[in-house]
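S.K.: okay, sequence plus prediction incoming.
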Amino acid sequence: MTPILKIDSLVKRYGGLLATDHVSLTLGRGELHAIIGPNGAGKTTLIGQLGGEARPDSGSIEFDGQDVTALMPAQRALRGLSRSYQITSVFPEFTVLENVALAMQAHCGHSFGFWKPMLRQAELTAPALRAIEQAGLAHRAESPVADLAHGERRQLELAMVLVVEPKLLLLDEPMAGMSHQESGKVVALLQSLKGRYAMLLVEHDMDAVFALADRISVLVYGRIIATGTPAEIRANEEVRTAYLGDETLPI
Ligand SMILES: Nc1ncnc2c1ncn2[C@@H]1O[C@H](COP(=O)(O)OP(=O)(O)OP(=O)(O)O)[C@@H](O)[C@H]1O
């Protein structure tokens, strides 16, 4: 079976700095692959290139058997490559359900009637409710987004991506700023989604990464120094050296 994602020798330069230094990586269907690395290693830059917001200087990105290197973010999303964003375009006075339905509508373009009240369109509300349930927010479906706690907003972000049924989810620090209890909920949630979606997870919470990932790649100064199972990464000498003195790696 073709891999869902194949990155080949991706390079991104900022002046003299190689933020992504010939990164190659393959992701299997249904795999949860984590990218870890110290601050400034190039994790966000890599996710940005996969999402399509940052253009690589060279190298290629193949998604689901097709070259998507030159595609815009919306074109990638339509093919099933979706990124979970820190929400900026959410409508705080609208409910969780309305926001997720709107995300679905935006994704599908003009195939829905704008003149009909959104919540009477089962084509929008049924998948929206499913995604909200998957994201563990069913009890908040009718709450205005302004009333959500920080952790619940991150769950909403996830619902807004899940609603379009992506083939690959790009997750950029989904536990950032969460309490221990909140991040535990997101770990359980991602665990429940495992196998159904391929996921590329960038995360600083090492307990979460080592609990969830099928494989982990370690990025240091823009270069992948190791890829392997959590046990292989724990045992890797070069990784231990790169993290020397960094207590966040549970090895
Ligand atoms: N737009 C930009 N212009 C210039 N340099 C940049 C730009 N974006 C990132 N960089 C540099 O590229 C390198 C990689 O940054 P990046 O944000 O991708 O790292 P990161 O691994 O995500 O870090 P963190 O864990 O702190 O989020 C850093 O040295 C950063 O200063």
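M.R.: Happy to help now that I have it.
S.K.: just checking, Glu203 touches Pro174?
M.R.: Yes - if you go by CB atoms under 8 Å, Glu203 and Pro174 touch, sitting 6.8 Å apart. Where C-beta positions appear, they are placed from N, C-alpha and C, glycine not excepted.
S.K.: isn't there a strand covering Ala233?
M.R.: For the record, residue 233 is Ile, not Ala. No - with DSSP: H, G, I helix; E, B strand; the rest coil as the criterion, Ile233 is assigned helix and is not in a strand.
S.K.: could you find the closest non-adjacent residue to it?
M.R.: Ile216 (4.7 Å; CB to CB, 6 or more residues apart in numbering).
S.K.: ok, the one you found - how many residues close by?
M.R.: Taking other CB atoms under 10 Å as the criterion, the count of residues near Ile216 is 26.
S.K.: for the spatially most central residue of the chain, give me phi and psi.
M.R.: For the chain, Leu171 is the residue whose C-alpha lies nearest the centre (CA atoms, centre = their mean; 1.7 Å). Here is the backbone geometry of Leu171 (degrees, to the nearest 10): phi -110, psi 110.
S.K.: for it, name its beta-bridge partners.
M.R.: Ser84, Leu201 (DSSP bridges).
S.K.: give me the residue from the stretch 51-200 of the chain nearest the ligand.
M.R.: Glu173 (7.6 Å; CB to the nearest ligand atom).
S.K.: so what pLDDT did that residue get?
M.R.: Each residue has a pLDDT score; the one for Glu173 is 89.
S.K.: go on, Asp205?
M.R.: pLDDT, Asp205: 89.
S.K.: my guess is the residue of the stretch 51-200 of the chain closest to the ligand meets Val186, correct?
M.R.: No - applying CB under 8 Å as the test, Glu173 and Val186 come out as separate, 10.7 Å apart.
S.K.: more crowded one of these two?
M.R.: Val186 (23 against 18).
S.K.: the closest residue to Leu27 other than its chain neighbours and Leu129, how far apart?
M.R.: Closest residue to Leu27 apart from its sequence neighbours, by CB to CB, 6+ apart: Leu5 at 4.0 Å. Per CB to CB, to the nearest Å, Leu5 is found 29 Å from Leu129.
S.K.: the two: which is more packed in?
M.R.: With neighbours defined as other CB under 10 Å, Leu5 and Leu129 compare such that Leu5 has more, 24 against 19.
S.K.: was I right about that one contacting Arg29?
M.R.: No - Leu5 lies out of contact with Arg29 (CB under 8 Å); the separation is 9.3 Å.
S.K.: what's the overlap in contacts for those two?
M.R.: Common contacts of Leu5 and Arg29 (CB atoms under 8 Å, 6 or more residues apart in numbering): Ala198.
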